[in-house]
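*Asks:* Quick one: sequence and predicted model below, then my questions.
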Amino acid sequence: MLKDITIGQYFPGNSIIHRLDPRFKLVITLLFIIMLFSGGNAVCLGIGAVYTAAVLLLSGIPLKMYWKSVKPLLPFLIITACLNLMFVRSGEVLWEWKALKITDAGLNISLFMIIRIVLLIMGSSVLTYTTSPITLTDAIERLLSPLKKLKFPVHELAMMMSIALRFIPTLIEETDKIMSAQKARGAEIDSGSFGQRAKNLAAILVPLFVSAFRRADELATAMECRCYHGGKGRTRLRQMKAAPRDYIALFITIIFLAAVIAAGRMF
Amino acid sequence: MAILETQELTYTYSVGTPFEKTAVDHVSLSIEEGEMIGVIGHTGSGKSTLIQHFNGLLTPSSGKVILDGRDIWADKKKIRDVRFKVGLVFQYPEYQIFEETVYRDIAFGPKNMGLSDTEIKRRVLETANDIGLPEELLERSPFELSGGQKRRVAIAGVMAMEPRVLILDEPAAGLDPAGRELIFSHIRAYHRRTGNTTLIVSHSMEDVASFADRILVMNQGKVFCFDETEKVFARAEEITKIGLDVPQITKVFLELKRRGFDFGKEVYTVDSAKELILRRLSERKGL
């Protein structure tokens, strides 16, 4: 059950997208989001869709995985689309039944919204699927480093993020184990009445918290043993170096963004 | 009659993702009532996945698990009854402790079974005695105990359910030699008292060689061999080849055999080794 969570999941690989500099990937993702929301007509959305499809195919990750990232949000999307459909009153009426009116403007808005959100989720999944969480936080630290001059604790923030991300799978695994152990003792977790399940929650949460604190304590000791003392003067094993392909990828994205903006003005 | 049986049991993790892996591969075996069985295999051999099928924590991808002549998945609603019949103690079970007192933690399983308070009390006191926990510890918080004591509390928590099949996954992992011996002797005592079926999972032969009736060796998700202890050790050399260690005393005797001292028998406990050597020596004197 818990294993189905795909948020922050990373699929190791060696595609061109995997090899891009994570800093560029972050910026490109940001530009991509702007691209999706800057044009309001079908041509703009079409360009965005072509861009998304190209990146998805280049990433070399089974398309099924992208579908998995969209699936949990589908019910919400459909409900909001239906609401849009019914409550947008402007534009020409296409179909009418008693108080219910569907207009072409409403149809447009709901269709555009669905396509946009689906593209957005799929496109940004590329970032987390192809970049390991650790390099991602590294990239965030590097991109935010100018803020250090303003005494903003960039390194500490990034370190906390990497630790949190690093321990998500560990804690999921731990929860799974504790749940199995308590189920083996007859605790009702997946089944049974609501009251029973709530009572049995303690049997999972108490050991989980105990072990989380123990882990935190051990990690702190381990970091101190290795002389960790914050970000000052710390050097890195893996230096991030931008390659020509990174600039090319950024350039292509900017062209697409420009095309979308232009299309938005023209049509 | 066999109490526990598997037929072509197969389990695949993460189907349809790049992480897909078959952990248990067409395993068919049968365990008799009252047996003491050692399950051996190194990390990733599928032994932990296999035992989680025995009490229905994992659903087989294909194949069957049969308990007492009934397919455990025949009626999904009755899976909890299976868990009361097949008790499973996980690795490092002390991390599942959560109650305020030792007594209440041991009573958690029996309480879930819906037993009466007097029956629960009898079981808690009896298993605490079996596992060597003094009665004055029962009202203490389990979090104040030592590591070895916590481990015993957790094991008692499953034993108190009086399962017909008791499975322990590496019950002595991370304990010092004296602690290991203590845990194993308590498990043996419980096995003798109740006459239940016991499976002890371990990556080390040394632990189970001296008291298991039969040994199941797992390798890469498959049954490498499942036979009486003596017959398994007759294949000691093959076993070392798949990366498992045989008891030190067996290694000594393999080396002796290589150098021309064949005792004609597989040796896996120090006691039997002593006996064999003494006998051989007295035979020589007789000559």
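*Replies:* Nice, thanks for sending it over. Residues are numbered from 1 along each chain as shown, chains lettered A, B, ... in the order given.

*Asks:* The stretch 151-267 of chain A against chain B: which residues are in contact?
*Replies:* A:177-178, A:180-188, A:191, A:202-203, A:206-207, A:210-211 (C-beta under 8 Å from any C-beta of the partner chain). Backbone N, C-alpha and C define where each C-beta goes, glycine included.

*Asks:* sec struct for the residue of chain A found nearest chain B, please.
*Replies:* Going by C-beta to the nearest C-beta, chain B is nearest to A:Gly186 of chain A, at 3.3 Å. Three-state assignment for A:Gly186 (DSSP: H, G, I helix; E, B strand; the rest coil): coil.

*Asks:* Assess the claim that it and B:Leu115 are in contact.
*Replies:* No - because the distance of 10.7 Å does not satisfy C-beta atoms under 8 Å, A:Gly186 is recorded as not touching B:Leu115.

*Asks:* out of those two, which sits in the busier spot?
*Replies:* More neighbours surround A:Gly186 than the other of A:Gly186 and B:Leu115, with 21 against 18 (other C-beta atoms under 10 Å in any protein chain shown).

*Asks:* Going along the chain, name the strands of the chain.
*Replies:* In the absence of a named chain, this looks at chain A. Secondary structure of chain A (DSSP state E): strands at A:93-97, A:100-103.

*Asks:* try again with chain B
*Replies:* B:2-13, B:21-32, B:36-40, B:62-67, B:70-71, B:86-89, B:165-169, B:197-202, B:214-219, B:222-228.

*Asks:* Need the contact partners of the fifth one.
*Replies:* Same thing as strand B:70-71. Residues outside strand B:70-71 that contact it (C-beta atoms under 8 Å, 6 or more residues apart in numbering or on different chains) are B:Lys64, B:Val65.

*Asks:* Just checking: what are the partner strands of that strand?
*Replies:* Using DSSP bridges, the neighbouring strands of strand B:70-71 in the sheet come out as strand B:62-67 (antiparallel).

*Asks:* what's the answer for the first one, then?
*Replies:* Each strand that strand B:2-13 pairs with, and the sense of that pairing, follows from DSSP bridges: strand B:21-32 (antiparallel), strand B:62-67 (antiparallel).

*Asks:* any idea how far it is from the chain center?
*Replies:* 17 Å (C-alpha atoms, centre = their mean, to the nearest Å).

*Asks:* May I see the buried residues of it?
*Replies:* When burial is assessed from 16 or more other C-beta atoms under 10 Å in any protein chain shown, strand B:2-13 yields the following buried residues: B:Ile3, B:Leu4, B:Glu5, B:Thr6, B:Gln7, B:Leu9, B:Thr10, B:Tyr11, B:Thr12.

*Asks:* Same check on stretch A:10-28?
*Replies:* Neighbour counts using 16+ other C-beta under 10 Å place A:10-11, A:17-18, A:20-28 of stretch A:10-28 among the buried residues.

*Asks:* Also stretch A:121-140?
*Replies:* Buried residues in stretch A:121-140, counting neighbours by 16+ other C-beta under 10 Å, are found at A:121-131, A:133, A:135-140.

*Asks:* same thing with stretch B:15-30?
*Replies:* Residues of stretch B:15-30 classed as buried by neighbour count (16+ other C-beta under 10 Å): B:Thr17, B:Thr22, B:Ala23, B:Val24, B:Asp25, B:Val27, B:Leu29.

*Asks:* Let me know the closest of those to A:Tyr247.
*Replies:* B:Thr17 (33.2 Å; C-beta to C-beta).

*Asks:* how long is stretch B:86-96 from one end to the other?
*Replies:* Between the opening and closing residues of stretch B:86-96 lies a distance of 18 Å (C-alpha to C-alpha, to the nearest Å).

*Asks:* what comes up buried for it?
*Replies:* Under the neighbour-count criterion of 16+ other C-beta under 10 Å, stretch B:86-96 has B:Val86, B:Gly87, B:Leu88, B:Val89, B:Phe90, B:Tyr92, B:Pro93, B:Glu94, B:Tyr95, B:Gln96 buried.

*Asks:* Share the number of residues neighbouring the residue nearest to the last one when sequence neighbours are not counted, please.
*Replies:* The reference is to B:Gln96. The shortest distance from B:Gln96 to any residue that is not its chain neighbour, by C-beta to C-beta, 6 or more residues apart in numbering or on different chains, is 4.0 Å, and that residue is A:Ala181. A:Ala181: 26 surrounding residues under other C-beta under 10 Å.

*Asks:* My guess is B:Asn187 contacts B:Thr198. True?
*Replies:* Actually, residue B:187 is Ile. It isn't Asn. Yes - contact between B:Ile187 and B:Thr198 holds when scored by C-beta under 8 Å: they sit 6.8 Å apart.

*Asks:* residues shared between the contacts of those two?
*Replies:* Jointly contacting B:Ile187 and B:Thr198 under the rule C-beta under 8 Å, 6+ apart are B:Leu168.

*Asks:* quick one, helices of the stretch 51-200 of chain A?
*Replies:* In the stretch 51-200 of chain A, the helices defined using DSSP state H, counting those that start in this stretch lie at A:63-70, A:74-87, A:104-130, A:133-144, A:154-184, A:194-225.

*Asks:* one step back: and the buried residues of stretch B:15-30 as JSON lines, adding pLDDT?
*Replies:* As requested, these are exported to JSON lines (pLDDT from 0 to 100):
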{"residue": "B:Thr17", "pLDDT": "70"}
{"residue": "B:Thr22", "pLDDT": "88"}
{"residue": "B:Ala23", "pLDDT": "89"}
{"residue": "B:Val24", "pLDDT": "90"}
{"residue": "B:Asp25", "pLDDT": "90"}
{"residue": "B:Val27", "pLDDT": "92"}
{"residue": "B:Leu29", "pLDDT": "92"}
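
*Asks:* For chain A, see how far away B:Ser116 is.
*Replies:* B:Ser116 sits 16 Å away from chain A, taking C-beta to the nearest C-beta, to the nearest Å as the criterion.

*Asks:* Looking at strand pairing, list the partners for B:Ala2.
*Replies:* Assessed by DSSP bridges, B:Ala2 has beta-bridge partners B:Glu32.

*Asks:* List the contacts of the nearest residue to A:Ile28 once chain neighbours are set aside.
*Replies:* By the measure of C-beta to C-beta, 6+ apart, the closest residue to A:Ile28 outside its immediate chain neighbours is A:Thr253, 4.9 Å from it. When contacts are counted by C-beta under 8 Å, 6+ apart, A:Thr253 touches A:Ile28, A:Leu31, A:Phe32, A:Met35, A:Tyr51.

*Asks:* B:Pro163: which of the residues you listed is nearest?
*Replies:* The shortest approach to B:Pro163 among the contacts of A:Thr253 belongs to A:Phe32, at 56.0 Å (C-beta to C-beta).

*Asks:* Now do the contacts for the closest one.
*Replies:* A:Tyr51, A:Thr52, A:Gly123, A:Ser124, A:Thr253.

*Asks:* Next, count neighbours for B:Leu145.
*Replies:* Per other C-beta under 10 Å, the neighbour tally for B:Leu145 reads 18.

*Asks:* Pretty sure it sits against B:Ala154.
*Replies:* No - contact status for B:Leu145 versus B:Ala154: not in contact, 10.5 Å apart, counting by C-beta under 8 Å.

*Asks:* domains for the chain, by residue range?
*Replies:* Picked chain A for this. Domain assignment for chain A by automatic domain parsing gives A:1-155+A:241-267, A:165-229.

*Asks:* try again with chain B
*Replies:* The record assigns chain B these domain ranges, following automatic domain parsing: B:2-98+B:156-235, B:247-287.
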